[in-house]
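# Next one to model:
(one chain, ligands or ions: 2)
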Amino acid sequence: MKKVLIDCDPGIDDALALALAHGNPELEVVGVTTVGGNVELEHTTDNALRLHDFYGMDVPIARGAGRPLVREPLTAGDVHGNTGLGDVLLPEPKSKLSDQHAVDFIIDTLAAAPGEISLIAIGPLTNIALALRKEPRITEWAAEFVIMGGSYTRGNRNPAAEFNIIADPEAAAVAFGAPWRTVMVGLDLTHQARANATVRERFADLGRLETELVTPCLDFYGQHISYRDEGPAIHDACAIAYVIDPSLIQTVSARVDVETQGRFTSGMTVTDFRAPADQHNADVATTLDVDRFWTLMTGALRNVADRLPD
Ligand code: BDR
Ligand code: CA
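Residues are numbered from 1 along each chain as shown. Ligands and ions are numbered 1, 2, ... in the order given. Okay, the predicted model is just below:
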């Protein structure tokens, strides 16, 4: 089993990413950390706790940074709803938060098992940057570092920038500048993972998981995007899928730098596939095996659905 530590900002696609990680038999989730992003930290943390209990998980959840390193917070309530899960309000959580701050939790968890844990970030990179500043050796301890964020052809928050990067470009610059390889699962890849009508038929018999979470979340998520007919892109689950089975996603080695100063391009992940190999700092996801991805997702959701606590 591969161990994963997930830094997230739930968030509708974060919720599905957590379900994939929890429901897939190849992964062991060793912790979840939260960051302000899609909605305010108070809500992303509350959602992480509620999802944890709803799914029947049993892992520490640690609250992290509520504000970007430098800029004013940027949220995406238009896409994820004011509290982050569309109109869904899961039951009050019984689990309590970890006493540790997410940054310390990330450092201590990776330090305790060097080379064993994949660090996956599916929200703005604020906690990751703070952890790198506090303990640079996390780059040696993480088995791999995989993000959902960025893109090499387009943005979604604006023409140049993807949300997780533009929400904290300085933090993203720290993460890409650190001496590890970042696996960048960006929009070019995630826009291939569309929960269209055919895909959603595969979720039809998931019982309470379907009626209480997946369907209302996807209905909400689907309404608030411009490419409605193709179905919403389930971005964050793609980063989890890569860790489960890297053969699902083709990557290309490249140099990625984050624009932090552009008047129109701040938050852009400037990707140079032609840079000299010794300057490459990232494996950039390009092509998804769409069918196998949805098979993986459906199997994990089935497992979660079958084990939902009462
Ligand atoms: C990313 O931004 C958030 O809105 C999603 O949860 C995902 O992590 C997609 O750009
Ligand atoms: Ca997210």
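# For the chain, which residues are neighbours of ligand 2?
Residues of the chain lying near ligand 2 by CB under 5 Å from the ion: Asp9, Gly11, Asp14, Ile122, Gly123, Asp236. C-beta coordinates here come from the backbone N, C-alpha and C atoms, glycine included.
# Would you agree the last one is in contact with Ala17?
By that I understand Asp236. Yes: counting by CB atoms under 8 Å, Asp236 does reach Ala17; the two are 3.8 Å apart.
# Can you work out which residues contact both of these two?
Taking CB atoms under 8 Å, 6 or more residues apart in numbering as the criterion, Asp236 and Ala17 both touch Cys8, Ile122, Met148.
# Using CSV, lay out those residues together with neighbour count and pLDDT.
Below are these laid out as CSV (neighbours: other CB atoms under 10 Å; pLDDT from 0 to 100):
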residue, neighbour count, pLDDT
Cys8, 31, 98
Ile122, 29, 98
Met148, 31, 98
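# So which of those are in helices?
Using DSSP state H, no member of those sits in helices.
# I'd like those written out as JSON lines, with distance to Ala178 added.
Formatted as JSON lines, the shared contacts of Asp236 and Ala17 follow (distance: CB to CB, whole Å):
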{"residue": "Cys8", "distance to Ala178": "20"}
{"residue": "Ile122", "distance to Ala178": "18"}
{"residue": "Met148", "distance to Ala178": "17"}
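# Tell me where the stretch 51-200 of the chain has helices.
77-80, 102-112, 126-134, 138-141, 163-166, 169-177, 187-190, 197-201 (DSSP state H, counting those that start in this stretch).
# most neighbours per residue, which of those helices?
helix 163-166 (a mean of 28; mean count of other CB atoms under 10 Å).
# Outside of that helix itself, list whatever touches it.
Counting by CB under 8 Å, 6+ apart, 37-38, 74, 76, 121-125, 147-150, 155-158, 172, 258, 266-269 sit against helix 163-166.
# Average pLDDT for that helix, rounded please.
What helix 163-166 shows for mean pLDDT is 98.
# Pass me the low-pLDDT residue ranges in the stretch 201-310 of the chain, would you?
Within the stretch 201-310 of the chain, the segments meeting pLDDT under 70 span 225-228.
# For it, which segments count as helices?
207-209, 215-223, 235-244, 290-306.
# now these in JSON lines, with distance to ligand 1?
Formatted as JSON lines, the helices of the stretch 201-310 of the chain follow (distance: least, CB to the nearest ligand atom, whole Å):
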{"stretch": "helix 207-209", "distance to ligand 1": "19"}
{"stretch": "helix 215-223", "distance to ligand 1": "10"}
{"stretch": "helix 235-244", "distance to ligand 1": "4"}
{"stretch": "helix 290-306", "distance to ligand 1": "16"}
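# Burial-wise, tell me which of these comes out on top.
Comparing the helices of the stretch 201-310 of the chain by mean neighbour count (mean count of other CB under 10 Å), helix 235-244 comes out on top with a mean of 28.
# Just the angle for it relative to helix 290-306, thanks.
Angle of helix 235-244 versus helix 290-306, following axes from the mean of the first three to the mean of the last three CA atoms, to 10 degrees, is 100 degrees.
# Mind telling me what element the nearest residue to Pro93 once chain neighbours are set aside is part of?
Nearest residue to Pro93 in three dimensions, chain neighbours excluded: Leu49, at 3.9 Å (CB to CB, 6 or more residues apart in numbering). Taking DSSP states H and E as the definition, Leu49 sits inside helix 41-55.
# Please list which of the shared contacts of Asp236 and Ala17 also come close to ligand 1.
Among these, the residues within reach of ligand 1 (CB under 6 Å from any ligand atom) are Ile122, Met148.
# Closest to Leu213 out of the shared contacts of Asp236 and Ala17?
Nearest to Leu213 among the shared contacts of Asp236 and Ala17, counting by CB to CB, is Cys8 at 15.6 Å.
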